[in-house]
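**Student:** how would this look folded up:
(chains A, B, C and D)
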There are 2 protein chains.
Amino acid sequence: MSEPMDLATALVRLSHLVQRVFTEVSRDHELTQQQAQLLCALIAGPVGMTELGRTLHLEKSSITGLVDRVERRGLVTRVRDDHDRRACRIALTEKGAELGERSHEGVVERLDELTADLPAGTRELLAAALSGLTTQADAGRQVFEPANVRA
Amino acid sequence: MSEPMDLATALVRLSHLVQRVFTEVSRDHELTQQQAQLLCALIAGPVGMTELGRTLHLEKSSITGLVDRVERRGLVTRVRDDHDRRACRIALTEKGAELGERSHEGVVERLDELTADLPAGTRELLAAALSGLTTQADAGRQVFEPANVRA
DNA sequence: TATTGTTATACTCTATAACTATA
DNA sequence: TATAGTTATAGAGTATAACAATA
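**Tutor:** Have a look, this model is predicted:
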């Protein structure tokens, strides 16, 4: 049917697809994609502004704004850091945790549906290869780590 | 070492990685990611506003703005449609085509580097599986179709 | 001095609603 | 009436630079 697609192109298209899923799921919860991402990054526990910037690849002033807007909606709070009075840590409120979890689950669900037709062996190989790529590329991040959350 | 990652998580992380590559490459050419995407969507030939909206999953007013900014920089032009005087088609200028090509190549290069270590068989399987997913999901799109461009 | 975070500022991106012009 | 596109408006996202407070 369609001509074979090279790997780079397939990766780009897949990325668009995942982004779209993420955006749509976020929207279902009245969140922007970035806000949902922020909530997901906090599920494992409170994180400081600087580290959030590293995790989300944003400048610190961008983080300030993002946190401001989400805080205004009551989804996170700035918690003072007792050991360093310059710093604060961003923590999910109950409502924020709820939304973060639901967004996360929504994305996983939709992606699982999307890959449901693949044979088990292919799924495993895909998961292994892709996670290898990301781990190799950004040695040491964790924006979206459900394993750490539930396990 | 690290615990096995489920497929959905691997897909999300991969998507972030690709987005980051895209953003960085675009920035190297003084473009935003969205602008580079627009240029790439025009490489195969002029496209109308409505179709651009479908392709890029944006409302038409968003397309208007995006095209405005890129036109202001001399990278595209609005060409009148002879058969429908309401419509126009967006075409790359020489400079825009140049930047579009270079962005596209830059992304492909970086992604190829990233996947260079994978065995050939795995690469093929990945490409086939991922392109299958995207083709199935968004039956009939083409944002980033280098095959059509060069071949 | 270096680091943590915020403010000021200026764009870009995006959607919704109302509009114009053509079909 | 329906479609192609623009305008008006408002808010979100982002970066750079300058700043404050603390280490």
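**Student:** how about the helices of chain A, start to end?
**Tutor:** Counting by DSSP state H, residue ranges of the helices within chain A are A:7-28, A:33-42, A:49-56, A:60-72, A:94-114, A:120-137, A:146-150.
**Student:** Now stretch A:10-30: buried residues?
**Tutor:** Residues of stretch A:10-30 classed as buried by neighbour count (16 or more other Cβ atoms under 10 Å in any protein chain shown): A:10-23, A:25-26. Backbone N, C-alpha and C define where each C-beta goes, glycine included.
**Student:** now do stretch A:56-64
**Tutor:** In stretch A:56-64, counting by 16+ other Cβ under 10 Å, buried: A:L56, A:L58, A:I63.
**Student:** Do that stretch and DNA strand C come into contact?
**Tutor:** Yes: applying Cβ under 7 Å from any atom of the strand, one finds stretch A:56-64 touching DNA strand C at A:K60, A:S61, A:I63, A:T64.
**Student:** any idea which of these is closest to A:Q35?
**Tutor:** If you rank the residues of stretch A:56-64 next to DNA strand C by distance to A:Q35 using Cβ to Cβ, A:I63 comes first, at 12.1 Å.
**Student:** related to what we said a few turns ago, filter the buried residues of stretch A:10-30 by proximity to chain B?
**Tutor:** Among the buried residues of stretch A:10-30, proximity to chain B is found for A:A10, A:L11, A:V12, A:R13, A:L14, A:S15, A:H16, A:L17, A:V18, A:Q19, A:R20, A:F22 (Cβ under 8 Å from any Cβ of the partner chain).
**Student:** Contact partners for the nearest residue to the last one once chain neighbours are set aside?
**Tutor:** Counting by Cβ to Cβ, 6 or more residues apart in numbering or on different chains, the nearest residue to A:F22 once its immediate chain neighbours are dropped is A:Q33, at 5.3 Å. With contacts defined as Cβ atoms under 8 Å, 6 or more residues apart in numbering or on different chains, A:Q33 is in contact with A:Q19, A:F22, A:T23, A:S26.
**Student:** Repeat the analysis, applying 6 Å as the threshold.
**Tutor:** Contact partners of A:Q33, counting by Cβ atoms under 6 Å, 6 or more residues apart in numbering or on different chains, are A:F22, A:T23, A:S26.
**Student:** And the pLDDT for A:Q142?
**Tutor:** In this model, A:Q142 is scored at 41, pLDDT.
**Student:** Over to A:E98?
**Tutor:** pLDDT, A:E98: 98.
**Student:** Likewise for A:A139?
**Tutor:** A:A139 is assigned 61 on the pLDDT scale.
**Student:** looking only at pLDDT, what's the mean for stretch A:121-131?
**Tutor:** Mean per-residue pLDDT for stretch A:121-131: 94.
**Student:** Any part of that stretch near chain B?
**Tutor:** Yes: contact of stretch A:121-131 with chain B (Cβ under 6 Å from any Cβ of the partner chain) involves A:T122, A:R123, A:L126, A:A127, A:A129, A:L130, A:S131.
**Student:** Please identify the residues of chain A in proximity to DNA strand D?
**Tutor:** Counting by Cβ under 7 Å from any atom of the strand, chain A sits next to DNA strand D at A:32-35, A:57-59, A:61-62, A:65-66, A:69, A:83-86.
**Student:** rerun that using 10 Å as the cut-off
**Tutor:** With Cβ under 10 Å from any atom of the strand as the criterion, chain A meets DNA strand D at residues A:26, A:30-38, A:53, A:56-70, A:72-73, A:81-87.
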